[in-house]
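> Let me see the structure of the following:
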Amino acid sequence: MKKVFLIVSMCSFFYSEAQIFILKSNTLKYEDKRIESLKELETVDVTESEFTAKWEVVKWATGYVLDVSTNRDKFDEYMIPNYKNLSLIYNNKTISRLKPSTQYYYRVSVLKENNVSDPSPIQSVKTKDMKVPTLNEPKGIGSNDFTIQWNMVEGALSYQIDISTDDKFTNIQNSYPNITGEQHTVYFPTPSGTYYYRIKAMNQDISTDYSRTKKITLEDNVEDITNLHIHYESAENAIAVIIGNKNYENNIKAVEYAINDAQSIKNYVKEVMGFSEENILYKEDAISTDFIKLFGNEKTFEGSQLYKRIKKGESKVFIFYAGHGAPSTHTKENYFIPVDADILSPEILGYSMKTFERNISRMPAKSITIVLDACFSGINMPQIAEGISGFKAIPLKIENSEDKIWFASSSGEQASTWYEKKQHGTFTYYFLKGIQSKATDENKDGNVTYKELQNYLIHPDNVTYTARILHNIEQTPQVQASETMLQNIFFTYKNE
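Sure, this is the predicted structure:
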């Protein structure tokens, strides 16, 4: 009997211990379920795109859980994904990347091990309104482009710029949405004019009021290279030959703006493209012997001034000619017309295009760019029509054209015109504009390829339109080069 009693007593004892353990365990669970929730939250440092939530430290807490929503009544349905059940270990959190002028709601729960308290009372906060952007002074003002600058706005994801020809913005020329950063360059197909522009900040469907309007007047002046900064590769070894033939003998009509063209081209290659003065072979009113000295004759090119300056495989060559050209009525060959030559007998003192092509093709240059504001068909010969410097574009057939490109002022049976208002040949004027205007850079990568320059020159709003309006004739520039050469970079716009 005693033995049995002991067993019963021990069982009774262990039963009591198990009962106590279960009781204590149930008590802990009951206490965990009733973790005291936070009573008060504090919102500080509210901006257009963020705010900071703060609360008192709970000593026994192992962490906190933050939820942020855009709707108080349907809190769980409209929670922000990045701030849904967000676990934290500190008693504050900055909620960022928010929309301005927007009401937000948030709550915080206390975490103890794997249990969570009821959420705190919901706290509301509204982000600040975005400030209206302030326009700064523009830079890089050209005849058909300039760069708009502004102060960036807190909370803005993008900006919209409007440009109009009137200050009421009833005639908006261009609107540029989704602009990022703090500056943007705008372009105009028609040079010069007075424009008004404004900007507003955007964040998805929210926008500010427009800034104060600014006015700008663009002056069409290809001589202005103040704000033109470009890089021309290997400029230190580059060589330019520039000829402007204006004042002709033998009763040949003057090419009124040929010297203006030559002077402007020289200014560009020296001051903008970086050619050294000693590598610029410049000649006004060149006579027949000048052409021979520059390029050689039908027998040799090796004694020419151009050849002697070329560093084999290193020198880029740029050749520009403005003046008359004509074909021989006997041989049908094309000729440059020096000022002492007779346009009726160009084979006597004229400089043969055939000789020029052959000699140029043998020059050991890295590349050769040839720009001709003249034409060679013989239309209206012997009289040179008022405002016309020549006739038909050169039939461009050259050897080894992989490293050469020809720009000619007109095509087929067309004449080459002058732009009296600008005091340039029409083609030369737009060639200079093609360098000056960043509108030439089609893909806005900072590099202008020969192809992009070609596209600018042959654009119907440029040379062709001007010649038609001023002289009632067709003039379309012609370019010849291999596709490889066209894709090469002519120059690069440099950052100021």
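> Now do the strands in the stretch 251-400 of the chain.
Secondary structure of the stretch 251-400 of the chain (DSSP state E, counting those that start in this stretch): strands located at 280-284, 316-322, 325-327, 334-336, 351-352, 367-373.
> Run the chain-centre distance for the fifth one.
Right, the one you point to is strand 351-352. The chain centroid and the centroid of strand 351-352 are separated by 42 Å under Cα atoms, centre = their mean, to the nearest Å.
> Output the contacting helices and strands for that strand.
Helices and strands touching strand 351-352, as assessed by 3 or more Cβ pairs under 8 Å, 6 or more residues apart in numbering; DSSP states H and E, comprise helix 288-295, strand 334-336. Just so you know, the C-beta spots here come from the backbone N, C-alpha and C atoms, and that holds for glycine as well.
> and the ones you listed as CSV, adding distance to T165 and mean neighbour count?
Output for these, formatted as CSV (distance: least, Cβ to Cβ, whole Å; neighbours: other Cβ atoms under 10 Å):
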stretch, distance to T165, mean neighbour count
helix 288-295, 48, 19
strand 334-336, 44, 27
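> just to revisit the earlier point, for the strands of the stretch 251-400 of the chain, give me CSV that also has distance to N92.
Formatted as CSV, those follow (distance: least, Cβ to Cβ, whole Å):
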stretch, distance to N92
strand 280-284, 68
strand 316-322, 63
strand 325-327, 80
strand 334-336, 81
strand 351-352, 83
strand 367-373, 64
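> Could you identify which of the ones you listed has the lowest mean pLDDT?
Mean pLDDT across these is lowest at strand 325-327; the value there is a mean of 86.
> Please identify the pairing partners of that one and their relative orientation?
Note on strand 325-327: by DSSP bridges, its sheet partners are strand 334-336 (antiparallel).
> what's the partner strand in contact with?
Residues from elsewhere that reach strand 334-336 (Cβ atoms under 8 Å, 6 or more residues apart in numbering): 291, 321, 323, 325-328, 341, 346-347, 350-354, 356, 374, 376, 394-395.
> Can you tell me which of those are buried?
The neighbour count (16 or more other Cβ atoms under 10 Å) marks 291, 321, 323, 325-328, 341, 346, 350-353, 356, 374, 376, 394 as buried among the contacts of strand 334-336.
> which residues does I95 form a beta bridge with?
For I95, the beta-bridge partners are F51 (DSSP bridges).
> Can you get me a residue count around it?
Counted with other Cβ atoms under 10 Å, residues neighbouring I95 total 21.
> tell me the contacts of it?
I95 touches 50-53, 68, 83, 104, 106, counting by Cβ under 8 Å, 6+ apart.
> Nearest to V255 among these?
Comparing these against V255 with Cβ to Cβ places E50 closest, at 66.8 Å.
> Now that the closest one has come up, it's in contact with S96, right?
Yes: applying Cβ atoms under 8 Å as the test, E50 and S96 come out as touching, 4.0 Å apart.
> Low-confidence regions, the stretch 301-450 of the chain specifically.
Applying pLDDT under 70 to the stretch 301-450 of the chain flags the ranges 375-401.
> Would you format the contacts of I95 as a markdown table with neighbour count included?
Below are these laid out as a markdown table (neighbours: other Cβ atoms under 10 Å):
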| residue | neighbour count |
| --- | --- |
| E50 | 16 |
| F51 | 22 |
| T52 | 16 |
| A53 | 26 |
| V68 | 24 |
| Y83 | 19 |
| Y104 | 23 |
| Y106 | 25 |
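> Thanks a lot, catch you later.
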